[in-house]
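Q: Give the three-dimensional model of this entry:
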Amino acid sequence: MVGCIGERTAESPSMAILSEMKPRSALRLLSWVLLALAMMTLGRASAQDAHPLDLDQTRAALSATEAALRDKNLTDADLQHVRAENDALGLALQAAIADLRPRLAASAKRLAELTPKSGETLPAADVAAKELASEKQRHDTLDANLRAARAMLLESDDLATRISAARRQLFARETFARSSSVLNPQLWLDVWREVPIDAAVMRSLIGNWLGGVADRLTLAQKIALAAVAALVALIAAPLAWIARRVVRRDPKASTPSQLRRALAAAWTALVLAVAPLIGLGLLANALDTFDLSDPSVQGLIDAALDAARVLIVVNALGRGMLAPGRLEPWRLIAMSDRSATIFYRLAMTIAAIWAAERLIEPAADAAASLNIAVAARAVGATLASLAMAHALRRLGSPPALAVGSPQGDAWAPARTLGWTFAFVILAAALAGYIAFATFLINQAIYLTVLGSGLYLADIIA
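A: Numbers count the residues shown, from 1 in each chain. As a prediction, the model looks like this:
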């Protein structure tokens, strides 16, 4: 429900919110952004003029990229890093070609002007002859550099194509690679043997990190860190106050329009996501600012932050889109309170499984335990498929009052698709295609979040 906006005039509340969401100061902000981009562009251009491209170093970099592609053990992250460096070389070569082409054309014109029209040879001591010789040398150098830059640009384009092909091959090989099944007894015997070692390694790493943090922090840094934590805690109350006074979903509302429901859903998701994400961002920046990170536990810290972000985003979008509880009039997707609660719990369950799996992987990497990583992914995929099957079974057996309703089978095609998806994931986990099952779950989470955001944006726009 929109509070303190649409009740004052005959104008619809949704239009009032839209007018508030698009202030005139946005034009001023846009002009500043464009000015900043222009300054950055000029800065890059001046930097390129001050530091011309070294063709010898570029040729050496291309040779290094060529040599790196011969390594058959490159991961996708390695290939992305190589691709980023190669793309930077390609952009630099394009800029060099754009700079050399007009300079070569100007040199050709000067050379034509200095060349005698009659075909006679000028005396060696003549000033024009010296200028002609100097211009010929300059022209030959520019021409050679331009031809070399064009050749290296073609080589860079060829390397980019080969990197893309290598990434596709790696994706197909890793996604459809077969490992141990979740029912393989040998896998669990190996996990049972490696878990105590992994736990001891993680206890040692975390203990050393915490001890190092306590030793490195000065009194001023401890006060600053406490101030950051207090700031994060203080942000939550004002945001909750703003949320209640700008957009409120009244359960007693009769028939809010689709736009009002979309605005309320977007605002709810924004409020529930902004404060926690800001807190995580401040925490990550504080760890870097106070030099509290340690390479030995950096993977675990990043995994914990990623897990928290996914849980926050899924919870925010779930409460915004599904409106679980007795908020059926404000629900964007037509479904009962019971169905909305089932969908919300399923989304949070899958997000929690993903988060737990994300936390186990760096621990397994720290102990160099491939079996624990495979087992974690296998169990995660199996639990996710079982959670989907349980939710679909509950959705297929609604309360007795809804059995005879004309909309009883409205979700039948979606349930069939969901059962197929859950069966494919479970079959892949049981057959040993753990990477493929994990890939399907990751894509489902990504597409659900992206689709929800696009759906809200389409309605509001």
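Q: which SS state does residue 332 fall under?
A: Classification of residue 332 using DSSP: H, G, I helix; E, B strand; the rest coil returns coil.
Q: OK, contacts around it?
A: For residue 332, the contacting residues are 258, 261, 262, 265, 321, 323, 455, 456, 459, by CB atoms under 8 Å, 6 or more residues apart in numbering. (Each C-beta comes from the backbone N, C-alpha and C, glycine too.)
Q: Could you say which helix or strand holds the residue nearest to the first one when sequence neighbours are not counted?
A: Using CB to CB, 6 or more residues apart in numbering and skipping residues adjacent in sequence, the residue nearest residue 258 is residue 459, 6.1 Å away. Residue 459 is part of helix 434-460, with elements assigned from DSSP states H and E.
Q: Give the burial count for residue 393, as a bare number.
A: 12 (other CB atoms under 10 Å).
Q: let's have the chain start at 43 instead
A: Understood, numbering begins at 43; the last thing we discussed is residue 435.
Q: State the distance from it to residue 393.
A: 20 Å (CB to CB, to the nearest Å).
Q: go on, residue 424?
A: To residue 393, residue 424 is 16 Å away according to CB to CB.
Q: for residue 401, same thing?
A: Taking CB to CB, one finds residue 401 at 13 Å from residue 393.
Q: Look at the two and report which has more neighbours.
A: A direct count of neighbours by other CB under 10 Å for residue 401 and residue 393 places residue 393 higher, at 22 against 15.
Q: The more buried one: what's its closest spatial neighbour, skipping adjacent residues?
A: Spatial nearest neighbour of residue 393, excluding adjacent residues (CB to CB, 6+ apart): residue 356 at 4.1 Å.
Q: Does that neighbour touch residue 486 like I think?
A: No: at 11.5 Å, residue 356 does not count as touching residue 486 under the criterion of CB atoms under 8 Å.
Q: Have a look at the two and say which one is more surrounded.
A: residue 356 (24 against 16).
Q: Who are the contact partners of that one?
A: Counted by CB under 8 Å, 6+ apart, residue 356 has contacts 389, 390, 393, 487, 491.
Q: Any idea how far the helix or strand containing the second one is from the middle of the chain?
A: Using DSSP H and E, residue 390 falls within helix 379-408. Per CA atoms, centre = their mean, to the nearest Å, the displacement of helix 379-408 from the mean C-alpha position of its chain is 18 Å.
Q: Give me the helices and strands touching whichever strand or helix holds residue 192, please.
A: Counting by DSSP H and E, the element that carries residue 192 is helix 169-217. Applying 3 or more CB pairs under 8 Å, 6 or more residues apart in numbering; DSSP states H and E, one finds that helix 169-217 makes contact with helix 97-111, helix 118-156, helix 476-502.
Q: Now do the second one against helix 169-217, angle only.
A: Just to be clear, that refers to helix 118-156. Angle, helix 118-156 to helix 169-217, by axes from the mean of the first three to the mean of the last three CA atoms, to 10 degrees: 160 degrees.
Q: can you pull the buried residues of helix 118-156?
A: Buried residues in helix 118-156, defined by neighbour count with 16 or more other CB atoms under 10 Å: 121, 124-125, 127-128, 131-132, 134-135, 137-139, 141-142, 146, 149, 153, 156.
Q: Okay, now the unreliable bits of this structure?
A: Applying pLDDT under 70 to the chain flags the ranges 43-95, 159-170, 256-258, 274, 278, 281-282, 284-295, 336, 408-410, 440-452.
Q: Domain parsing of it, as residue ranges.
A: Domain assignment for the chain by automatic domain parsing gives 96-217, 227-441+452-502.
Q: Out of these, indicate the one that is most buried.
A: domain 227-441+452-502 (a mean of 16; mean count of other CB atoms under 10 Å).
Q: OK, contacts around residue 377?
A: Under the criterion of CB under 8 Å, 6+ apart, the neighbours of residue 377 are 364, 385, 453.
Q: same for the helix or strand containing residue 327, what does it pack against?
A: Per DSSP H and E: residue 327 is located in helix 300-331. Helices and strands touching helix 300-331, by 3+ CB pairs under 8 Å, 6+ apart, are helix 55-63, helix 261-288, helix 340-364, helix 476-502.
Q: thinking again about what came up before, would you turn the helices and strands packed on helix 169-217 into TSV with distance to residue 221?
A: Shown next, in TSV, are the helices and strands packed on helix 169-217 (distance: least, CB to CB, whole Å):
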stretch	distance to residue 221
helix 97-111	26
helix 118-156	17
helix 476-502	5
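Q: wait, which of those helices is closest to residue 172?
A: Among the helices and strands packed on helix 169-217, the nearest to residue 172 by CB to CB is helix 118-156 (10.0 Å).
Q: Give me the helices and strands touching the closest one, please.
A: helix 67-92, helix 97-111, helix 169-217.
Q: and residue 249, which of the helices and strands packed on helix 169-217 is closest to it?
A: Comparing these by CB to CB, helix 118-156 comes nearest, at 28.8 Å.
Q: so the closest one versus helix 97-111, what angle?
A: 150 degrees.
Q: so how far is helix 118-156 off the chain centroid?
A: 31 Å.
Q: got it, and stretch 193-208?
A: Put simply, stretch 193-208 sits 25 Å off its chain's centre (CA atoms, centre = their mean).
Q: Residues contacting it, please?
A: Residues contacting stretch 193-208 (CB under 8 Å, 6+ apart): 97, 100-101, 104, 107-108, 111, 116, 121, 124-125, 128-129, 131-132, 135-136, 139.
Q: again with stretch 487-497
A: Stretch 487-497 is contacted from outside by 352, 355, 356, 359, 363, 374, 389, 392, 393, 396, using CB under 8 Å, 6+ apart.
Q: follow-up on the earlier one: tell me which of the helices and strands packed on helix 300-331 approaches residue 246 most closely.
A: Smallest distance to residue 246 across the helices and strands packed on helix 300-331 (CB to CB): 12.6 Å, for helix 340-364.
Q: Return the distance of residue 415 relative to residue 210.
A: Between residue 415 and residue 210 the computed distance is 24 Å (CB to CB).
Q: and the residue nearest to residue 385 when sequence neighbours are not counted, what is it in contact with?
A: Nearest residue to residue 385 in three dimensions, chain neighbours excluded: residue 364, at 5.6 Å (CB to CB, 6+ apart). Residues in contact with residue 364 (CB under 8 Å, 6+ apart) are 373, 375, 377, 382, 385, 386.
Q: what's the last one in contact with, if anything?
A: The neighbourhood of residue 386, defined by CB under 8 Å, 6+ apart, consists of 360, 361, 364, 366.
Q: Could you rerun that using 6 Å?
A: 360, 364, 366 (CB atoms under 6 Å, 6 or more residues apart in numbering).
Q: And those residues, which is closest to residue 330?
A: Nearest member of those to residue 330, counting by CB to CB, is residue 360, at 30.9 Å.
Q: Tell me if I'm right that the closest one and residue 391 touch.
A: No: look at residue 360 against residue 391 with CB atoms under 6 Å: they stay out of range, at 11.0 Å.
Q: Just say helix, strand or coil for residue 114.
A: Assigned with three-state DSSP, residue 114 falls in the coil class.
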